[in-house]
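**Student:** Return a 3D structure for these sequence lines:
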Amino acid sequence: MDKGSVETVLHLTDVLPQIILILDEAGVVDDHNPGIRELLPAGVSSIKGERLDAYLHPWEPGDAQRFHALLQSARGKSHGPWADYAISFKNSWSGRSIYRAELHRRRDEGGCLLILEDVTLLRQMEEEYRRVQRIQSLLPLIKGYANDFKERLQILYGSVDFIREILKNPDPPDEKSTASMHESLDGILRHLERSNGKLDAILGLSTASRNSGDSFSLESCLRDAVERSLMGSNKQQDLSLAPDLPPFRGNYEKISQMFQNILLNAVQAGTEAYKIEITTELVERKGRDSVLIGIADHGPGMTMDILPRVQQPFFTTRDNADGLGLFIAKNIALEYNGSLDIESSPGAGTRVHIYLPLNADAPAAPERPSLPPGLKILVLDDNAEVQEVWERLLYQLGIFGSFAASTSQLYEKFERALESDYPFYLVILEDDGEEIPDVFHTLKRLKRLQPGLPAIYAATSPMNYTPEELKAEGFSAVLRKPFRFPDLHNALLQAVHVAANRD
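**Tutor:** Next up is the predicted model:
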């Protein structure tokens with residue numbers, strides 16, 4: 001293409017929306033059409049004779065690397081027709097646009113023809129379509145969980161009414177009634193914890209870990225999951241469980257959810273009747289005592305093109321499925337420092353291997369100081385009913401709690417206490433879910449007034465920040481809602497422990 005041909009091409013493309021550039025082998029701009037002004041600073045209309053990468057600024061480091069590689073290909077020996085990338089540029093050095101970059105090598109003259117096409121609107125439409133698809137795929141999952149919540153609510157209502165009827169009696173409850181009330185309360189807490197686990201699954205497994213929990217039998221949890229998953233199906237179970245499995249400490253509902261998701265896949269793998277084999281075995285893995293749980297079906301199996309994708313979110317080969325089961329199961333295993341591996345081949349069925357490190361023999365945590373007597377703390381929470389819950393729980397710990405529904409009220413109470421002889425020892429700040437929470441700014445201001453102030457970050461699930469990020473912002477401990485009394489106690493102990501070590 002000679003110079004006259006280049007000028008002709010650029011003249012013909014003046015009215016096109018694409019940005020057309022002619023580059024030499026060194027990446028210098030020989031010519032361009034007026035569309036380049038969209039990506040140039042104000043007042044700059046031409047960059048002929050300039051290096052292109054000195055003027056076009058990608059938005060992200062990854063975009064910069066891809067764009068640099070694209071320009072490098074203009075100097076290479078390859079004569080491929082074009083390279084195709086989607087790169088985010090700083091549009092007019094202030095906004096952000098996504099461009100499709102198409103590179104054509106000039107075989108005889110050297111250099112290349114670069115075409116940049118704005119695909120921002122197209123990408124936005126594609127993302128919106130994917131978002132709608134994700135929502136639609138979640139609907140069957142939410143419907144199933146809603147039915148489960150209805151059943152649990154019936155249990156909770158019945159248990160609470162049973163306790164209320166006993167307490168209506170003017171005579172003190174006898175030993176049998178007292179035992180029944182304790183049993184009902186334990187059941188209420190158990191079902192609330194399991195419902196919270198279901199919500200965590202719906203919300204996509206929050207980044208904050210909830211590994212802490214009561215010890216329970218993995219065998220009982222697995223048997224319970226098998227019973228729930230196989231109910232009403234034509235499949236049978238073949239259990240071969242290791243004797244005397246040590247107790248496992250964690251969230252019972254999450255581990256049960258992991259088992260059920262895998263078992264339901266095994267049940268739905270084929271329409272014919274077959275046995276699902278479930279095994280447990282004590283093994284050593286990566287230097288730690290672990291339990292290996294195996295779940296195998298005799299369904300049709302999976303081909304090699306499908307197998308790598310089955311743990312990706314929203315991928316499914318079945319109609320009316322959400323494609324989240326294995327994704328959620330894998331993330332639960334990872335949350336407990338375990339792993340989930342899948343073996344499958346056509347005609348041979350599928351086998352899932354779950355490794356869970358045992359934590360029964362974990363070293364005891366170092367002794368922490370007890371809560372100081374007469375501790376006075378300030379809580380930021382804008383829900384009056386939740387404030388009452390805070391007050392009752394703190395009272396049981398011998399702590400005086402003061403409450404603020406807004407940051408202005410918080411500052412007023414905090415400054416007034418500083419001027420007295422009884423300042424607040426610790427603050428608990430609720431994150432309201434904003435992208436950049438006000439609690440970060442609030443804590444910085446409080447620490448300027450009272451350096452070294454311990455603080456607890458309280459937030460609903462899912463959390464948007466890691467414990468390390470919150471620590472960098474000045475928080476001593478994290479408390480996820482909904483929390484239990486032991487969770488509150490442990491968070492307070494941790495905050496006091498951090499403050500004591502700082503002193």
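
**Student:** Helices of this structure, start to end?
**Tutor:** 3-12, 61-72, 120-168, 175-202, 218-230, 252-267, 325-335, 384-396, 407-419, 438-449, 467-472, 485-502 (DSSP state H).

**Student:** in the shortest one, what's buried?
**Tutor:** Buried positions in helix 467-472, judged by neighbour count with 16 or more other Cβ atoms under 10 Å: Leu470. For the C-beta atoms, the positions are set from N, CA and C on the backbone; glycine is no exception.

**Student:** How far away from the center of its chain is it?
**Tutor:** Distance of helix 467-472 from its chain centroid, counting by Cα atoms, centre = their mean, to the nearest Å, is 16 Å.

**Student:** same question, the fifth one
**Tutor:** Centroid separation for helix 218-230 versus its chain: 26 Å, with Cα atoms, centre = their mean.

**Student:** Which strands and helices lie in contact with that helix?
**Tutor:** Packed against helix 218-230 by the contact rule (3 or more Cβ pairs under 8 Å, 6 or more residues apart in numbering; DSSP states H and E) you find strand 236-240, helix 252-267, strand 275-285, strand 288-296.

**Student:** likewise the third one?
**Tutor:** For helix 120-168, the elements it packs on are strand 95-105, helix 175-202, judged by 3+ Cβ pairs under 8 Å, 6+ apart.

**Student:** Export these to TSV and append columns for mean pLDDT, distance to Pro17 and mean neighbour count.
**Tutor:** Below are the helices and strands packed on helix 120-168 laid out as TSV (pLDDT from 0 to 100; distance: least, Cβ to Cβ, whole Å; neighbours: other Cβ atoms under 10 Å):
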stretch	mean pLDDT	distance to Pro17	mean neighbour count
strand 95-105	79	11	18
helix 175-202	78	43	15
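
**Student:** do you know which of those lies nearest Glu343?
**Tutor:** Glu343 sits nearest to helix 175-202 of all the helices and strands packed on helix 120-168, at 24.9 Å, using Cβ to Cβ.

**Student:** which residues of the stretch 351-500 of the chain score low on pLDDT?
**Tutor:** Along the stretch 351-500 of the chain, the model assigns pLDDT under 70 to residues 359-370, 432-437, 460-464.

**Student:** One more pass at 80, please.
**Tutor:** Scanning the stretch 351-500 of the chain for pLDDT under 80 picks out the ranges 359-373, 432-437, 460-468, 482, 484, 498-500.

**Student:** Report the buried residues of stretch 376-392.
**Tutor:** Burial within stretch 376-392, assessed by neighbour count using 16+ other Cβ under 10 Å, is assigned to Ile377, Leu378, Val379, Leu380, Asp381, Val386, Gln387, Trp390.

**Student:** and which of those residues is nearest Leu239?
**Tutor:** Closest to Leu239 out of these is Val386 (43.6 Å), distances taken as Cβ to Cβ.

**Student:** Tell me the spacing between that closest one and Ser402.
**Tutor:** As judged by Cβ to Cβ, to the nearest Å, Val386 and Ser402 stand 15 Å apart.

**Student:** try His353
**Tutor:** From His353 across to Ser402, the span is 52 Å (Cβ to Cβ).

**Student:** Can you check what pLDDT the model gives the closest residue to Glu50 other than its chain neighbours?
**Tutor:** Of all residues not flanking Glu50 in the chain, Val29 sits nearest, at 5.8 Å (Cβ to Cβ, 6 or more residues apart in numbering). With respect to pLDDT, Val29 scores 88.

**Student:** Val29 pairs with what?
**Tutor:** Taking DSSP bridges as the rule, Val29 bridges to Leu23.

**Student:** Just confirm it contacts Leu52, I think it does.
**Tutor:** Yes: with contact defined as Cβ atoms under 8 Å, Val29 and Leu52 form a contacting pair (5.4 Å).

**Student:** which residues do these two both contact?
**Tutor:** Leu21, Leu23 (Cβ atoms under 8 Å, 6 or more residues apart in numbering).

**Student:** picking that back up, neighbours of the residue nearest to Glu50, how many?
**Tutor:** 21 (other Cβ atoms under 10 Å).

**Student:** could you dump stretch 20-29 to CSV, C-alpha only?
**Tutor:** C-alpha atoms of stretch 20-29 as CSV (Å, rounded to 0.1, in the frame of the first residue of the first chain):
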residue,chain,number,x,y,z
ILE,A,20,-8.0,4.0,11.7
LEU,A,21,-4.2,4.3,12.1
ILE,A,22,-1.2,3.4,9.9
LEU,A,23,1.8,2.4,11.9
ASP,A,24,5.4,1.8,10.8
GLU,A,25,7.4,-1.2,12.2
ALA,A,26,8.7,1.0,15.1
GLY,A,27,5.1,1.8,16.2
VAL,A,28,5.2,5.4,15.0
VAL,A,29,2.0,6.8,13.5
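
**Student:** Send me stretch 38-54 as CSV with only the CA atoms.
**Tutor:** Provided in CSV are the C-alpha atoms of stretch 38-54 (Å, rounded to 0.1, in the frame of the first residue of the first chain):
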residue,chain,number,x,y,z
GLU,A,38,-11.7,10.5,21.0
LEU,A,39,-8.6,9.0,22.7
LEU,A,40,-6.4,12.1,22.7
PRO,A,41,-6.1,14.8,25.3
ALA,A,42,-8.0,18.0,24.8
GLY,A,43,-6.3,20.3,22.3
VAL,A,44,-4.4,17.5,20.5
SER,A,45,-5.9,16.6,17.1
SER,A,46,-3.0,14.8,15.4
ILE,A,47,-0.2,12.4,16.4
LYS,A,48,1.4,11.9,13.1
GLY,A,49,5.1,11.1,13.5
GLU,A,50,4.5,10.2,17.2
ARG,A,51,4.7,6.9,19.0
LEU,A,52,1.1,5.6,19.5
ASP,A,53,1.8,4.1,23.0
ALA,A,54,2.9,7.6,24.2
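
**Student:** tell me which residues of it are tucked away?
**Tutor:** Quick answer for stretch 38-54 (16+ other Cβ under 10 Å): Glu38, Leu39, Leu40, Ile47, Leu52.
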